[in-house]
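Chemist: one predicted model, sequence on top.
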Amino acid sequence: MTEADFPAGRDLAGYESKYDRRVISDMIVRIIGYVILAFMSGLLLAIVGFVALKGLGVMTVKMLTTVGNTQTGGLANAIAGTWELVLTGLLLAVPVGMFGALYLSEYSSRVSGGVLRLFVDVLTSIPSIVLGLFGYLVLVIQLGLGYSLIAGGVTLGVMMIPYVLRISEISYSNIPRQTREAAYALGADNFQISFRLLIPQARAGILTGVLLAVSIAAGETAQLLYTALFNNGYTTSFLGQPVAYLTYVVYYSLQQNTVYARSMAYSAALVLVTSIFSILLVSKYISRIR
Amino acid sequence: MALVPMAIMLILFSFLIYKAIPSMRYTGFSFFTSYLWYPGNVYANPISFHGVMAPYRSSFGLLSFFVGTLITTGFAILIAFPVSIFLSLTINLYTPDRLKRPFSVLVELFAGIPSVVYGLWGVIVLEPVLLHNIMPWMKYVGFQGQIISGAGIMAAGLILSIMIIPIVTAVISESMHSQPRELKEGVYALGGTKWEVGKHVLLGNTRKQIVGGTLLGTGRALGETMAVLMVSGSIVNVLPTSIFSLTNTMSAQIAAALDSAFIDGTGMNLSALVELGLVLVLISLIVNLAGRAIVGRGALRGFEND
């Protein structure tokens, strides 16, 4: 073996000590990667820190407990309205998601399953403002529901369906085949298998999907602008009253150039982020202990 | 119950098309070639044109919004694509196993922040920084235009990129993570460095998912409304001249112009916005379905599977 075949200072793995081009490119990639990772983590902390500091700086008990109109008062009606809208949305999304997924996972054929799943994907692809436009055209105007809890909640619910459905479907199909066969062997019919076996077994998964959908819905704005509008007081009925919600306060109060309106926007953002993060972490925890 | 999503989608599409017909008849093909969007004088007597009524001197063209959507989305992808690839590589190659879980939770929390909150941060933090700390330097690199505000293409593109990075990263990182252990070990056994594993195994084998994840991110950026509405400057009838120009997007225009469209007694303003929405849906649908076809159905926002 000559010098040319095996250059001096090169070990068997092909490294030329620690100054080999390959080692250096590895280091460069590693350094760029760490810098970007640190930058992005820092950015998240900066955004969350910004919301926390600004929000905590102006947060008062009065802000959380009084009714407000985006310029004066508090957020109580917006907080209540947000949850009213989300819960109304769940009234649509949970049954559709849970039973739709049951059908797709257990009873659909290749073709029917494929077609129905395609439409779920289509639903996921609709931009939120277009869903809002649809809610306005169909629910508010065509069906004459007006700006109301029903119109806003249903529009939100439509957006929530795919999240509940997809994750429920995964949890149904994760149930071992043998469990179903054992139930059939004991003479159970499809109804019993669905309601006494599959749904109870998949409930942690369904709950994870519901929580995820809730966390996303609580932060939505575009669907609600023209379906829920805003309400300077509490909303006490499904129909006939518009609904207040937190994201609107963040969006609208920010444009009012008064110090107090801005502090309302900051508080609303803090309440939103805190609730959404808690829900996401709970859903993470549930999907982990499952 | 599984029929409900299909029914909703069929109603949605037929309704959008039905409501857009007056605008299609009024504007014709110029809807796609004009960048002028005038609501018209809604208090004057409406005019009749091609059998439909429209406000006097109204004109509707989507070009300025289309260009705005295209540029802000393109800008966002330009940043998000390399950042997401480096993030995925770093998480998969150089991060200790016990830190992987916290990072993935962090990414999910990132994606959970509502878009109005990103918009709030953009207005209060990003815009002043751009206006006072970044833009004054731009004249030294040959930028000529006038600087009016921190809002515009730059701000909207940056905010969008921050919003889609979690989605793109989640898809790419997940597909890198699922590469067979044997391949990685093979490269190590040949004396490969970690970057060589990254280059040949992680990047080499996941090209499809990288494209798919980027498409899903693009789809999200196309339809994003609130954050863009807050930081874009919401300008109409103007095409951008530089990356600091004020801009507007299709989704933001729908949100911004819908309430003033209600006072138009002929309904033409509303119809034009519906047609705008229809175009937005079709673009978004193509991009999203293509991305989903590549990545697989698991991805909703990218990481719901684990």
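Modeler: Thanks, I have it. Numbering: from 1, shown residues only, chains lettered A, B, ... in the order given.

Chemist: what sits against the residue in the stretch 51-200 of chain A positioned nearest to chain B?
Modeler: When distances are taken as CB to the nearest CB, the stretch 51-200 of chain A reaches nearest to chain B at A:P127, 2.7 Å away. (Each C-beta comes from the backbone N, C-alpha and C, glycine too.) Applying CB atoms under 8 Å, 6 or more residues apart in numbering or on different chains to A:P127 gives the contacts A:A222, B:L222, B:G223, B:E224, B:T225, B:S251, B:L280, B:V281, B:S284.

Chemist: could you report the distance from the residue nearest to it when sequence neighbours are not counted to B:L160?
Modeler: Nearest residue to A:P127, sequence neighbours excluded (CB to CB, 6 or more residues apart in numbering or on different chains): B:G223, at 2.7 Å. According to CB to CB, to the nearest Å, B:G223 and B:L160 sit 11 Å apart.

Chemist: between the two, which is the more surrounded one?
Modeler: B:L160 (32 against 27; other CB atoms under 10 Å in any protein chain shown).

Chemist: the more buried one and chain A: what is the separation?
Modeler: Remark: distance between B:L160 and chain A (CB to the nearest CB, to the nearest Å) = 13 Å.

Chemist: now do the SS call for the residue most central in space within chain B.
Modeler: Residue closest to the average C-alpha location in chain B (CA atoms, centre = their mean): B:A221, at 1.5 Å. Three-state assignment for B:A221 (DSSP: H, G, I helix; E, B strand; the rest coil): helix.

Chemist: that one reaches B:T73, doesn't it?
Modeler: Yes - with contact defined as CB atoms under 8 Å, B:A221 reaches B:T73; the gap is 4.4 Å.

Chemist: overlap in contacts of the two?
Modeler: B:L160.

Chemist: measure the residue nearest to A:V29 when sequence neighbours are not counted to B:P96 for me?
Modeler: Nearest residue to A:V29, sequence neighbours excluded (CB to CB, 6+ apart): B:W195, at 4.5 Å. Distance of B:W195 to B:P96, computed by CB to CB: 17 Å.

Chemist: pLDDT weak spots in the chain?
Modeler: I'll assume chain A. Residues of chain A that meet the criterion pLDDT under 70 lie in A:1-19, A:290.

Chemist: ah, no, chain B please
Modeler: Checking chain B against pLDDT under 70 turns up B:142, B:144-146, B:297-306.

Chemist: rerun at 80
Modeler: B:1, B:136, B:138-148, B:296-306 (pLDDT under 80).

Chemist: so where do the helices sit in it?
Modeler: Here chain B has its helices, by DSSP state H, at B:3-27, B:30-33, B:63-89, B:97-112, B:115-121, B:127-128, B:135-138, B:153-177, B:181-189, B:194-197, B:207-223, B:226-231, B:250-261, B:268-295.

Chemist: would you format these as CSV with distance to B:M53 included?
Modeler: Shown next, in CSV, are those (distance: least, CB to CB, whole Å):
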stretch, distance to B:M53
helix B:3-27, 8
helix B:30-33, 17
helix B:63-89, 24
helix B:97-112, 45
helix B:115-121, 36
helix B:127-128, 41
helix B:135-138, 45
helix B:153-177, 35
helix B:181-189, 66
helix B:194-197, 65
helix B:207-223, 31
helix B:226-231, 29
helix B:250-261, 14
helix B:268-295, 7
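
Chemist: just say which of those helices is most tucked in.
Modeler: Across the helices of chain B, averaging neighbours per residue (mean count of other CB atoms under 10 Å in any protein chain shown) puts helix B:226-231 on top, at a mean of 30.

Chemist: that older thread, give me every residue that touches the residue nearest to A:P127.
Modeler: Per CB under 8 Å, 6+ apart, neighbours of B:G223: A:I126, A:P127, A:S128, A:I129, A:V130, B:S251, B:L280, B:S284.

Chemist: wait, the first one sits on B:F13?
Modeler: No - under the criterion of CB under 8 Å, A:I126 is not in contact with B:F13, lying 9.6 Å apart.

Chemist: overlap in contacts of these two?
Modeler: Common neighbours of A:I126 and B:F13 (CB under 8 Å, 6+ apart) are B:V281.

Chemist: which residues of the stretch 151-300 of chain B lie near chain A?
Modeler: Contact residues (CB under 8 Å from any CB of the partner chain) of the stretch 151-300 of chain B with chain A: B:162, B:165, B:191, B:193-196, B:198, B:219, B:222-226, B:229-230, B:251, B:254-255, B:258-259, B:273-274, B:277, B:280-281, B:284-285, B:287-289, B:292, B:297-298, B:300.

Chemist: returning to what we had before: what is the nearest of the contacts of A:P127 to A:Q241?
Modeler: A:A222 (21.0 Å; CB to CB).

Chemist: tell me how far that closest one lies from A:P127.
Modeler: Counting by CB to CB - A:A222 and A:P127 are separated by 8 Å.

Chemist: overlap in contacts of these two?
Modeler: Common neighbours of A:A222 and A:P127 (criterion: CB under 8 Å, 6+ apart): B:T225, B:S251.

Chemist: need the next SSE after the host helix or strand of A:G209, C-terminal direction.
Modeler: Using DSSP states H and E, A:G209 maps to helix A:203-217. Per DSSP H and E, helix A:203-217 leads on to helix A:246-255 as the next helix or strand towards the C-terminus.

Chemist: pull the CA atoms of that following helix into CSV?
Modeler: Extracted in CSV, the C-alpha atoms of helix A:246-255 (Å, rounded to 0.1, in the frame of the first residue of the first chain):
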residue,chain,number,x,y,z
LEU,A,246,-62.4,36.4,23.1
THR,A,247,-60.6,36.4,19.7
TYR,A,248,-62.9,39.2,18.5
VAL,A,249,-61.8,41.3,21.5
VAL,A,250,-58.1,40.6,20.6
TYR,A,251,-58.7,41.6,17.0
TYR,A,252,-61.1,44.5,17.5
SER,A,253,-59.9,46.2,20.7
LEU,A,254,-56.4,46.4,19.4
GLN,A,255,-57.7,48.7,16.6
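
Chemist: how about it and chain B, touching?
Modeler: Yes - Helix A:246-255 lies within reach of chain B by CB under 8 Å from any CB, at A:T247, A:V250, A:Y251, A:L254.

Chemist: which other helices and strands contact that helix?
Modeler: Secondary-structure packing of helix A:246-255 (3 or more CB pairs under 8 Å, 6 or more residues apart in numbering or on different chains; DSSP states H and E): helix A:76-102, helix A:259-289, helix B:115-121, helix B:226-231.

Chemist: quick check: which of these is buried the most?
Modeler: Taking mean count of other CB under 10 Å, helix B:226-231 is the most buried of the helices and strands packed on helix A:246-255, at a mean of 30.

Chemist: going by contacts, tell me the helices and strands next to it.
Modeler: helix A:246-255, helix B:115-121, helix B:153-177, helix B:250-261.

Chemist: could you dump stretch B:196-206 to CSV, C-alpha only?
Modeler: This file holds the C-alpha atoms of stretch B:196-206, laid out as CSV (Å, rounded to 0.1, in the frame of the first residue of the first chain):
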residue,chain,number,x,y,z
GLU,B,196,-24.0,12.0,6.3
VAL,B,197,-26.8,10.0,7.9
GLY,B,198,-28.9,13.1,7.6
LYS,B,199,-28.0,13.8,4.0
HIS,B,200,-28.3,10.2,2.6
VAL,B,201,-30.9,8.6,4.8
LEU,B,202,-33.1,11.3,6.4
LEU,B,203,-33.1,13.8,3.5
GLY,B,204,-32.6,11.3,0.7
ASN,B,205,-35.5,9.0,1.7
THR,B,206,-38.0,11.6,2.7
